[in-house]
Every structure is written in structure tokens, then in C-alpha cells.
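Asker: Sharing a model that was predicted from the sequence below.
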Amino acid sequence: MAALVKDQKRSEIVVDVKPDMVIPGTMYLLKEAYDRCGEVCAEYAKTFYLGTLLMTPERRRAIWAIYVWCRRTDELVDGHNASHITPTALDRWELRLEDLFAARPYDMLDAALSDTVSRFPVDIQPFKDMIEGMRMDLKKSRYENFDELYLYCYYVAGTVGLMSVPVMGIAPESKATTESVYNAALALGIANQLTNILRDVGEDARRGRIYLPQDELADAGLSDEDIFNGKVTDKWRNFMKIQIKRARMFFKQAEQGVTELSQASRWPVWASLLLYRQILDEIEANDYNNFTKRAYVSKAKKLLSLPMAYGKSFLSPSSHTQSSLLRV
Ligand SMILES: CC(C)=CCC/C(C)=C/CC/C(C)=C/CC/C(C)=C/[C@@H]1[C@@H](COP(=O)(O)OP(=O)(O)O)[C@]1(C)CC/C=C(\C)CC/C=C(\C)CCC=C(C)C
Ligand SMILES: [Mn+2]
């Protein structure tokens, strides 16, 4: 959060940015705003930031602006001041979102996103839905079944995919339907969030939260108490195997869509997909102890993923002979 608040003074300068009208000084301020988003992104998500460097400059800075808005939204409920956050504060954050979509940004980071949404066909709904996910997080700490958990994952993570595709762009030569690409983007968000949840079981339990389907826990002969006790048993291992399998299924679903994105956008997406998916391998390598051991992908493995992602980014989009993703 320090990176977000570091330049509060400068943040008061940018108001009412009209993207295509050059008011003396405005372009400079906008550049500064985007640069700040890049810095935040580099600080919080180094590998992902590296990945964005291959994108076209306009797309790259737009993704940074979206990243920063998501990070700030998450910080509202997970950051240092989280205990003071009420649904009213989230309502105010949503009004601020509406203002920035109407070209009335509140601070410099909002100004960057305001400019982004004026340049790319980004819809406000996924942003509103992410705020809804944060509201859900404030009032709910258990999920009855996978449907309920899926909805939460859509709100806080699937939305990121929907926000990003209009910026990343679909390859002009792709024959895939727009709908299928959005579905893949949604699947990547869900896969990432399920992975997050499986990695953080212990950490979340210590905050009294269990983001696992209660009915599936019961089917596996497990209760909340077992999670709070944090003992790795065969019941737990079997339960985890099923959860990991499902997360991998969503990653698989996402894979086909990555190839349909514009060439320069594929690398960062492949990189994040490969990196995040490896967290699941690490949970297995930890013998499913996600209570006291944090699954962590080593720097060496991370580095190895980058050329692999780069290679995959040259796979061609679907041709007219591949039917499952066809654009109609
Ligand atoms: C066709 C196709 C596959 C297109 C690609 C679509 C795409 C770019 C999908 C991105 C999916 C993605 C990276 C989702 C993020 C999921 C995530 C980790 C959400 C986290 C939510 C809250 O969880 P929690 O509080 O439990 O987690 P922490 O303990 O706090 O970590 C989030 C933290 C919500 C906030 C999300 C972000 C800060 C990430 C935003 C990322 C982007 C805008 C960039 C996406 C671009 C790339 C290249 C991955
Ligand atoms: Mn969080």
C-alpha cells in the first residue's frame, strides 16, 4: 500500500482528463500517472510486470492502470485499514469508479484508468462486480457449495479476465468467437483464484475464513475443526486432490483462449498461467500441507517459465478448421 500512497500530493493534481484534447501539461500529468501505475505494478507483481513489457506501450500502460485499480480495491478489504472498511466505504469506492468512467477521476491513479477506459472498449460491469466481491468478503466467511464459491471467484478474479481482454485484444486472424475468448479469460481468473485459495488455506483459517465448499468438505469426512486444527491426514490429501484437479481443469479451459489473443499480449498471459499453475504442483510437493507451509514457486522455476511462455506465445490462433472456438 505504501507504493499506492507515496505520491498523494501529486495525486490531487489530475482532474477531468479529456483524452484526445491536449491541454498544456495534461499529457505530462497523464504520463506521470501511468508511470506511477507501472511502478506499483513492478513493486507488487514483478514477473507479471516483466511480461507486460512486451506488449504495445498503449496496451501495457492500460493493463497497469487496471492492475492498480484491482490492487487498490483488494487493499480496501485486505490492507492495513481493512478493519475500518464498511459497505458504505465500498459504496463510495463504487461512486468513484462511476466518476472515473465519466471522465471525472479523483486522483492520479484514477486518472490513468479514466484515460484507459476512454481508449479501449472496457465495460464498467466487471469493475462493479469486483467491488461486489469485496462486499461479499466482508459479510461471508463460509461457502456452502462450489456454486457459491464460483460466484465469489468470478467477482474477485474472473472479472480481471473480462477487464483485460478488451485491452489485450483478440488476434485479427483469429476465427474464435469473442464469447469463447471471454470464457477462457474468465476461466483463467477462476483458476488463479482457486489456486490462491488452496495455497492460503492455513492463512485464511487463522483469520476465521474457509473458502472451501462446505458440502465437499463434509463428503470427504472433514469439518471446519479439521481445518482449524491443520493436520494433514489422508482425508485431507484426498480432498485436496479433488480441489487441485478442478483448478487444473479451469487452467486447461483458459489455455485455448490465450492463443487467440493478439500476439504481443500472449506472453504475459502465458507467463502468468504457467507460473500460477505451478503453485498447485508445489502444494503437492509439500504433501498437501497448506496449513503451515506456503507453496512457493522458486525463482529458478519462475525464470524457466518465461522462455516457455515466450515459445507458447507463437502458437497460431485457431484456423477455420478448428471448430470449438469458431467466430460466428
Ligand atoms: C483469453 C485469456 C485467457 C485472456 C487472459 C485474461 C487475463 C489477463 C486474465 C487474468 C486473470 C488474473 C491474473 C486474475 C487475478 C486473480 C487474482 C489473483 C485475484 C485476486 C483477488 C483477491 O484474492 P485474495 O484476497 O484471496 O488474494 P491475495 O491474498 O490478496 O493475493 C485479487 C487480489 C484481486 C485483485 C487482482 C489483481 C491485483 C490482479 C489484477 C491483474 C491484472 C489487471 C492484469 C492481468 C493481466 C495478466 C497478463 C495476467
Ligand atoms: Mn487480497
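Answerer: Received the coordinates, thanks. Ligands and ions are numbered 1, 2, ... in the order given.
Asker: need the contact list for residue 126.
Answerer: 159-160, 162-163 (CB atoms under 8 Å, 6 or more residues apart in numbering). Glycine gets a C-beta too; all of them are placed from N, C-alpha and C.
Asker: Quickly check those residues for the two that are furthest apart.
Answerer: Farthest-apart pair in the contacts of residue 126 is 160 and 162; separation 7.4 Å (CB to CB).
Asker: Between the two, which contacts overlap?
Answerer: 126, 189.
Asker: Just the CA trace of stretch 249-259, in PDB.
Answerer: Once non-C-alpha atoms are left out, stretch 249-259 reads as follows in PDB (Å, rounded to 0.1, in the frame of the first residue of the first chain):
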ATOM      1  CA  MET A 249      -9.400 -28.000 -15.300                       C
ATOM      2  CA  PHE A 250     -10.000 -24.300 -15.300                       C
ATOM      3  CA  PHE A 251      -6.400 -23.600 -16.300                       C
ATOM      4  CA  LYS A 252      -6.900 -26.100 -19.200                       C
ATOM      5  CA  GLN A 253     -10.000 -24.300 -20.300                       C
ATOM      6  CA  ALA A 254      -8.100 -21.000 -20.300                       C
ATOM      7  CA  GLU A 255      -5.200 -22.300 -22.400                       C
ATOM      8  CA  GLN A 256      -7.100 -22.400 -25.700                       C
ATOM      9  CA  GLY A 257      -8.100 -18.800 -25.300                       C
ATOM     10  CA  VAL A 258      -4.600 -17.400 -24.700                       C
ATOM     11  CA  THR A 259      -3.600 -18.300 -28.200                       C
END
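Asker: between the contacts of residue 126, which is closest to residue 65?
Answerer: Once CB to CB is applied, the member of those that ends up nearest residue 65 is residue 163, at 10.2 Å.
Asker: ok, that closest one - contacts?
Answerer: So residue 163 contacts 66, 70, 122, 126-127 (CB under 8 Å, 6+ apart).
Asker: Low-confidence bits of the stretch 101-250 of the chain, can you list those?
Answerer: Within the stretch 101-250 of the chain, no range satisfies pLDDT under 70.
Asker: Which parts of it are helices?
Answerer: Ranges of helices in the stretch 101-250 of the chain, per DSSP state H, counting those that start in this stretch, are 108-119, 125-139, 146-153, 159-168, 178-199, 201-206, 214-219, 224-229, 234-258.
Asker: Save those as CSV, and put in distance to residue 38 too.
Answerer: Output for the helices of the stretch 101-250 of the chain, formatted as CSV (distance: least, CB to CB, whole Å):
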stretch, distance to residue 38
helix 108-119, 9
helix 125-139, 20
helix 146-153, 28
helix 159-168, 15
helix 178-199, 21
helix 201-206, 29
helix 214-219, 41
helix 224-229, 39
helix 234-258, 23
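Asker: Save these as JSON lines, and put in distance to ligand 2 too.
Answerer: What follows is the helices of the stretch 101-250 of the chain, written out as JSON lines (distance: least, CB to the ion, whole Å):
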{"stretch": "helix 108-119", "distance to ligand 2": "18"}
{"stretch": "helix 125-139", "distance to ligand 2": "8"}
{"stretch": "helix 146-153", "distance to ligand 2": "12"}
{"stretch": "helix 159-168", "distance to ligand 2": "12"}
{"stretch": "helix 178-199", "distance to ligand 2": "8"}
{"stretch": "helix 201-206", "distance to ligand 2": "10"}
{"stretch": "helix 214-219", "distance to ligand 2": "22"}
{"stretch": "helix 224-229", "distance to ligand 2": "19"}
{"stretch": "helix 234-258", "distance to ligand 2": "18"}
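Asker: Run through the residues that contact the residue of the stretch 151-300 of the chain found nearest ligand 2.
Answerer: Closest residue of the stretch 151-300 of the chain to ligand 2, CB to the ion: residue 156 (7.9 Å). Shown in contact with residue 156 (CB under 8 Å, 6+ apart): 74, 130, 133-134, 137, 193.
Asker: Got the domain ranges for the protein?
Answerer: 1-139, 141-323 (automatic domain parsing).
Asker: Show me how far the last one is from its chain's centre.
Answerer: For domain 141-323, the gap between its own C-alpha mean and the chain's C-alpha mean amounts to 10 Å (CA atoms, centre = their mean, to the nearest Å).
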